[in-house]
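>>> Structure for the following, please:
(6 chains)
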Protein chains: 6
Amino acid sequence: MRPSQRSPRQLRPVRLTRHYTRHAEGSVLVEFGDTKVICTASVEETVPGFLKGKGQGWVTAEYGMLPRSTGSRMRREAASGKQSGRTQEIQRLIGRSLRAVVDLVKLGERQIVIDCDVIQADGGTRTASITGAYVALADAVNGLIQAGKLAENPLFDHVAAVSVGIVEGEPVLDLDYPEDSACDTDMNVVMTGSGRFVEVQGTAEGVPFSRAEMDALLGLAEQGIAELVELQKVALAG
Amino acid sequence: MRPSQRSPRQLRPVRLTRHYTRHAEGSVLVEFGDTKVICTASVEETVPGFLKGKGQGWVTAEYGMLPRSTGSRMRREAASGKQSGRTQEIQRLIGRSLRAVVDLVKLGERQIVIDCDVIQADGGTRTASITGAYVALADAVNGLIQAGKLAENPLFDHVAAVSVGIVEGEPVLDLDYPEDSACDTDMNVVMTGSGRFVEVQGTAEGVPFSRAEMDALLGLAEQGIAELVELQKVALAG
Amino acid sequence: MRPSQRSPRQLRPVRLTRHYTRHAEGSVLVEFGDTKVICTASVEETVPGFLKGKGQGWVTAEYGMLPRSTGSRMRREAASGKQSGRTQEIQRLIGRSLRAVVDLVKLGERQIVIDCDVIQADGGTRTASITGAYVALADAVNGLIQAGKLAENPLFDHVAAVSVGIVEGEPVLDLDYPEDSACDTDMNVVMTGSGRFVEVQGTAEGVPFSRAEMDALLGLAEQGIAELVELQKVALAG
Amino acid sequence: MRPSQRSPRQLRPVRLTRHYTRHAEGSVLVEFGDTKVICTASVEETVPGFLKGKGQGWVTAEYGMLPRSTGSRMRREAASGKQSGRTQEIQRLIGRSLRAVVDLVKLGERQIVIDCDVIQADGGTRTASITGAYVALADAVNGLIQAGKLAENPLFDHVAAVSVGIVEGEPVLDLDYPEDSACDTDMNVVMTGSGRFVEVQGTAEGVPFSRAEMDALLGLAEQGIAELVELQKVALAG
Amino acid sequence: MRPSQRSPRQLRPVRLTRHYTRHAEGSVLVEFGDTKVICTASVEETVPGFLKGKGQGWVTAEYGMLPRSTGSRMRREAASGKQSGRTQEIQRLIGRSLRAVVDLVKLGERQIVIDCDVIQADGGTRTASITGAYVALADAVNGLIQAGKLAENPLFDHVAAVSVGIVEGEPVLDLDYPEDSACDTDMNVVMTGSGRFVEVQGTAEGVPFSRAEMDALLGLAEQGIAELVELQKVALAG
Amino acid sequence: MRPSQRSPRQLRPVRLTRHYTRHAEGSVLVEFGDTKVICTASVEETVPGFLKGKGQGWVTAEYGMLPRSTGSRMRREAASGKQSGRTQEIQRLIGRSLRAVVDLVKLGERQIVIDCDVIQADGGTRTASITGAYVALADAVNGLIQAGKLAENPLFDHVAAVSVGIVEGEPVLDLDYPEDSACDTDMNVVMTGSGRFVEVQGTAEGVPFSRAEMDALLGLAEQGIAELVELQKVALAG
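Numbers count the residues shown, from 1 in each chain, chains lettered A, B, ... in the order given. Below you'll find the model as predicted:
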């Protein structure tokens, strides 16, 4: 049994609350246990400079943590004057993950900006962000379709993400913060609804991992992401 | 009647939800109607350099808005690399307001950092922030007292804030965003529980205001803040 | 009697020296006692991006202090790589105050940039800046009229500013630095020539202030600003 | 056959030139075909603040590209005033990879800073950097041992890296720039001399990849890294 | 005859006004014709980090221009967030020039910071700055001597500077702005009171210059600086 | 005899290796003894904003040092977020020096960007950079001529640079780092192939220098630069 009383193959309770704030075209509160992230999707009828006149759209993401979303207060990035390397890694990952399931030509010359802001952190903020951001993106896209601005749906699949890791020698799914701090290997996996890989990022924090461990982790991730995609479908049908 | 169906002397529905997130020593969600701000208080057992060895503590504040807390997405300050002049003005105001009711010597050589993060904006974010931050600060201070780290309560009064303004020629209390955009004069007032002024910041956005209008606005603010202090007391007793 | 041998209702000696430097369209040295500020007005035949094609002009301000304008040397903001929150507050205040008496449509699609640079500080630099900047602005506008570039005068009133405060329990006018450091309440008031309020910014540095004190301070400010407006008129007629 | 006339399982010609520049404690020019990176190791007898007094050392890395190491000139990061997200990702990866084979306690309270500067780029700059940096690090550590400053060797294994990817449907080893631009999946793998994984970073640039493709890529990487470790051993024995 | 009605060997009218502002230990307004610079010297009883505990002091300089000191308004460096390359070159030059005549050991472990702020520019701001800064520095040093903080005078010579150049084929002394804009060669020369060179910075703006022209320019500079040193002596005796 | 066994009038061994890297239009490794700099010339078919539509081109330069090109590691400028004053001085000098021999109108509306990156430093990096950059520039220009993009050669002369200085009382040519650290006077001289001066920058590091010393240094520089220009011609003919 894990400290959170979960089995190794068990996700934390996951909640996806749509229409969480009122201004954004898509707004979702995603909770993976005690990890809580507000994901908004903002539609802008313009594209970045490098895409001007190319007949396609863009999806990009930004990520932030409230200073006291964590156990000890972190310095506010706006005050320190720059985003950390970690922040940039995560927001680039979220953007790439979402673009993997969007037909940017069908989106037309517009941009959807995803903001993922962590209001409470307990491990897995980047995987929760991707999973919630997909739902916010879907709401924004559906709004464009309903407003008659899109002829076809540019979303051709789901995308979700989960962390897996080796804790005290055992592969486990969806690490919370105490497990994340203690694990030997931490892997973030992003997959589509059709079961293909978009991103695999595995890091040995302690002892490097064997090929057999790698295989076990990938299997856990496949199972967890299939469950998350089902939860996305339920939320969007709600 | 105002657009929000309120009388000129009527506050929006105000809610103060304590223990809103789990890590901070004080954590309050404050709502003034559709304006929603997370206020956290973080206790740090150190003081800024300019106070080292002076036998007193410090209370300071930082303020931010989620990029899509507003009707159109604002640029993320962490990405643009600096805090706007408006952000700095507001966080300096919050800090000064709170320090007006704290005996910094009784606080001892520690710092309490207040973070006010707007997750949804509809006018009055700075006054909601001050009003909610006081409750988060009180929770953090009470925690220190209960932990035996403080002999005496360094808080000697309440502090709360409200906006008042002249909209279409009439003085009104607690402006929402549509009123704020249309008003001729906008005034933010910060007062103590004992009815004295900590800050008065009045700005003529359109036609400059007369002394008689000034007097009417101050009267409205006195009434509104007295109500807000009562709500703080109820919340803290809850 | 105050440390400067002034009565409570007495301004410091005020001097407004026009044509102080030779390049700017308006250039004024303003002195409030030992506080000395160079105010220049620069006419630019362009407007900021957000006003392009809107058929109106703009007035904006920047503020700075020479590093050794003060008793101990301050770090040069150009060297530290950013303007302090205080600097930004002040320059936003100067800009708003001046715009309150300018018809921006009559100004046409051009911008007037006011620079207020403190060469010697002894309290009240922001109120001296506003008072002197108005004269520099008027000179620049008159130059445009004489050059046939403006059909009508866009300035429809005067604007000036003064500080008032409560020092050792007594309301006094136009605080110098020793009084500013010792006061309980410091209030900056900006008013038009017709006696209406543009800005009121009162801050309790020590004990919060009562409504009666507030009223007394506003009365002092009304008197002081009326005197300053007369001095502006004399200077502009000179 | 690939554009470079290599078989799918074939590395580019790899060269490791030690003592490439004269000042650094370790200095290696690593070449993976036309990709050329100068890797230096600098020993500093101090540790970063967060490790002061903890009885251990640190290994960290920085990465840069000369502006014209690439086909079209990139903006110099020193001139633009910040390192890109990509640069930060890569230098964090290099540092983590090297620390995976260093006993930081045995290193003692000192820091070794690795600088990887790309003078000519043709794909795979991060994997070449890691592979060359290990040799520079080994030279610096050997210097410390020879100088009597280290009792035991803190390096307990080799570490090297290679890219693998799916190009036109086929898994290939060690992508050059034309392949990297055209591939559907790009994966960077870091492994130890004993055949365990330190980092796996796979990204679907086009079509997401299947589990079978994932397995094939990992197999290719295992083979390639085993060859690179042999080349490191030959270089260090030279 | 030159546009300013001067002969080729003639300086502009030079004025050195001591005690120009009241706070600094040395404060001089230097005027070379219409070029006006405020030079202050601030004594700090500390040294920069790299000199701590080395038994010597330091002299350094900063330079700035008011935005409208020039014919068209320049962007304020504090607002743009960095000092230009030109500003840095000039302030480094001023610092090196002054240190050439200071015995830093005799100065003791303290720093004198020189601020040169141009309030009106008409060519030659850096040479006027050096010439005025020397006088401000001398006043600050004399203050230290009179206060009994220095046993011996650390200033062992004078230092002054002038520009020379080739305008329409003729070598001339002390260029004003119209000459500076039109010249083929511009040279700034810094010399001691004893007639030795501290800095020579010659730049061909148009046609490169011959050795004979170089010799003529150096001769002009020698004469001009001898006159400037005399003016410094008169000012300091005043 | 000097520490490097050279006579006072003797250059270090100088090598100019063309086509050093493969992407740039001009790419030269220049070596002055142990000082090694990669100089690349990049042709861009655009001009900076201030030259748009003016019918002429531009040549500019950037300079950098690898962090461990020096005896002790320097902080990476991209990491510290800005270029030092020294870096900016040097790159401005390189750009001015090259432009002195280019007919910018003949170059047409395009820009050539020179990058000088020091991979190993032993004194004289700026003079080596200018000398090598000229050859890279010539290669880039010749490429444009061969491609039929230029009707006439915009280069009308050579330009090269060398340092001279007074070491232990004696004037010497081409100082290496030990001499540079010990010298009383350091002078960098830039001259054309026809023997005229482009830049003279002399600085007294210790004792100020006399007119006679100045004359001796200029003579040494004239001789050294004549030799460097011959080496450029040989390299370009190779």
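
>>> buried stuff in the longest helix along chain A?
Under DSSP state H, the helix in chain A containing the largest number of residues is helix A:211-237. Buried residues in helix A:211-237, counted by 16 or more other C-beta atoms under 10 Å in any protein chain shown: A:213-214, A:216-218, A:220-222, A:224-225, A:227-229, A:231-232, A:235. Backbone N, C-alpha and C define where each C-beta goes, glycine included.

>>> ok, now stretch A:109-119?
A:109, A:110, A:111, A:112, A:113, A:114, A:115, A:116, A:117, A:118, A:119.

>>> I figured residue A:214 hits residue A:202, correct?
Yes - the pair residue A:214 / residue A:202 is scored as a contact, 6.9 Å apart, by C-beta atoms under 8 Å.

>>> any common contacting residues for those two?
Residues touching both residue A:214 and residue A:202 by C-beta atoms under 8 Å, 6 or more residues apart in numbering or on different chains: D:197, D:200.

>>> Now do the longest helix of chain A: which elements does it pack against?
Other helices and strands packing on helix A:211-237, by 3 or more C-beta pairs under 8 Å, 6 or more residues apart in numbering or on different chains; DSSP states H and E, are strand A:14-18, helix A:125-146, strand A:159-167, strand A:170-173, strand A:185-192, strand A:197-204, strand D:197-204, helix D:211-237.

>>> what's the angle between that helix and strand D:197-204?
Computed by axes from the mean of the first three to the mean of the last three C-alpha atoms, to 10 degrees, the angle separating helix A:211-237 from strand D:197-204 equals 40 degrees.

>>> what angle do helix A:211-237 and strand A:159-167 make?
Using the same axes, to 10 degrees: helix A:211-237 against strand A:159-167 is 140 degrees.

>>> out of the buried residues of stretch A:109-119, which are inside helices?
Among these, the subset assigned to helices under DSSP H is empty.

>>> who in chain A is up against chain C?
Counting by C-beta under 8 Å from any C-beta of the partner chain, the positions of chain A adjacent to chain C are residue A:81.

>>> circling back: kindly reformat the buried residues of stretch A:109-119 as JSON lines containing pLDDT.
Output for the buried residues of stretch A:109-119, formatted as JSON lines (pLDDT from 0 to 100):
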{"residue": "A:109", "pLDDT": "96"}
{"residue": "A:110", "pLDDT": "97"}
{"residue": "A:111", "pLDDT": "98"}
{"residue": "A:112", "pLDDT": "98"}
{"residue": "A:113", "pLDDT": "98"}
{"residue": "A:114", "pLDDT": "98"}
{"residue": "A:115", "pLDDT": "98"}
{"residue": "A:116", "pLDDT": "98"}
{"residue": "A:117", "pLDDT": "98"}
{"residue": "A:118", "pLDDT": "98"}
{"residue": "A:119", "pLDDT": "98"}
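
>>> which of those residues lies closest to residue A:129?
residue A:116 (3.8 Å; C-beta to C-beta).

>>> got CSV for the helices and strands packed on helix A:211-237, with mean pLDDT too?
Output for the helices and strands packed on helix A:211-237, formatted as CSV (pLDDT from 0 to 100):
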stretch, mean pLDDT
strand A:14-18, 98
helix A:125-146, 98
strand A:159-167, 97
strand A:170-173, 96
strand A:185-192, 97
strand A:197-204, 96
strand D:197-204, 96
helix D:211-237, 97
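
>>> Pick the most buried one from these.
strand A:159-167 (a mean of 27; mean count of other C-beta atoms under 10 Å in any protein chain shown).

>>> Neighbouring strands of that strand in the sheet, and parallel or not?
Here strand A:159-167 is paired, per DSSP bridges, with strand A:170-173 (antiparallel), strand A:185-192 (antiparallel).

>>> from the chain's centre, how far out does the longest one sit?
It stands for strand A:185-192. Taking C-alpha atoms, centre = their mean, to the nearest Å, one finds the center of strand A:185-192 at 10 Å from the center of the full chain.

>>> Equivalent analysis for the shortest one, please.
Taking the mean C-alpha point of strand A:170-173 and that of its whole chain, the gap between them comes to 20 Å (C-alpha atoms, centre = their mean).

>>> in whatever helix or strand comes next after it, what's buried?
Downstream of strand A:170-173, the next assigned helix or strand under DSSP states H and E is helix A:177-182. For helix A:177-182, burial by neighbour count (16+ other C-beta under 10 Å) applies to A:177, A:179, A:180.

>>> how about helix A:177-182, does it reach chain B?
No - Helix A:177-182 stays clear of chain B (C-beta under 8 Å from any C-beta), getting no nearer than 10.3 Å.

>>> show me the residues around the residue in chain A positioned nearest to chain E that make contact.
Across chain A, no residue is closer to chain E than residue A:81, which sits at 9.8 Å (C-beta to the nearest C-beta). Neighbouring residues of residue A:81 by C-beta under 8 Å, 6+ apart: B:81, B:82, C:82.

>>> residue farthest from the centroid of chain A?
residue A:53 (29.6 Å; C-alpha atoms, centre = their mean).

>>> Going by secondary structure, it is in what exactly?
Applying DSSP H and E, one finds residue A:53 in no helix or strand.

>>> re earlier: for residue B:47, which of the strands paired with strand A:159-167 is the nearest?
Ranking the strands paired with strand A:159-167 by proximity to residue B:47 (C-beta to C-beta) places strand A:185-192 first, at 36.2 Å.

>>> ok, and what's touching the closest one?
By C-beta under 8 Å, 6+ apart, strand A:185-192 touches A:93, A:97, A:100-101, A:126-127, A:130, A:157-166, A:175, A:180, A:197-207, A:209, A:213, A:217-218, A:221-222, A:225, D:200, D:208.

>>> Would you mind putting the contacts of residue A:81 into JSON lines with distance to residue F:58 and pLDDT alongside?
As requested, the contacts of residue A:81 are exported to JSON lines (distance: C-beta to C-beta, whole Å; pLDDT from 0 to 100):
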{"residue": "B:81", "distance to residue F:58": "28", "pLDDT": "87"}
{"residue": "B:82", "distance to residue F:58": "31", "pLDDT": "89"}
{"residue": "C:82", "distance to residue F:58": "31", "pLDDT": "89"}
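
>>> Please list the residues of chain A that sit near chain B.
By the rule C-beta under 8 Å from any C-beta, the part of chain A lying against chain B is A:21-24, A:27, A:34, A:36, A:38, A:40, A:42, A:44, A:62, A:64, A:66-73, A:76-79, A:81-83, A:87, A:113, A:115, A:117, A:119-121.

>>> In strands, which of these fall?
Among the residues of chain A next to chain B, DSSP state E puts A:27, A:36, A:38, A:40, A:42, A:44, A:62, A:64, A:113, A:115, A:117, A:119-120 in strands.

>>> Can you tell me how far residue A:175 is from residue A:182?
9 Å (C-beta to C-beta, to the nearest Å).

>>> What of residue A:197?
In terms of C-beta to C-beta, residue A:197 sits 26 Å off from residue A:182.

>>> In three-state terms, label the closest residue in space to residue A:176 that isn't next to it in sequence for me.
In space, and not counting its chain neighbours, residue A:176 is closest to residue A:123: 4.4 Å by C-beta to C-beta, 6 or more residues apart in numbering or on different chains. Assigned by DSSP: H, G, I helix; E, B strand; the rest coil, the conformation of residue A:123 is coil.

>>> Contact partners for residue A:123?
Per C-beta under 8 Å, 6+ apart, neighbours of residue A:123: A:35, A:163, A:175, A:176, A:177, A:178, A:179, A:180.

>>> Specify which member of those is nearest to residue C:149.
residue A:35 (61.2 Å).

>>> What residues are bridge-paired with the closest one?
Residues in a beta bridge with residue A:35, per DSSP bridges, are residue A:32.
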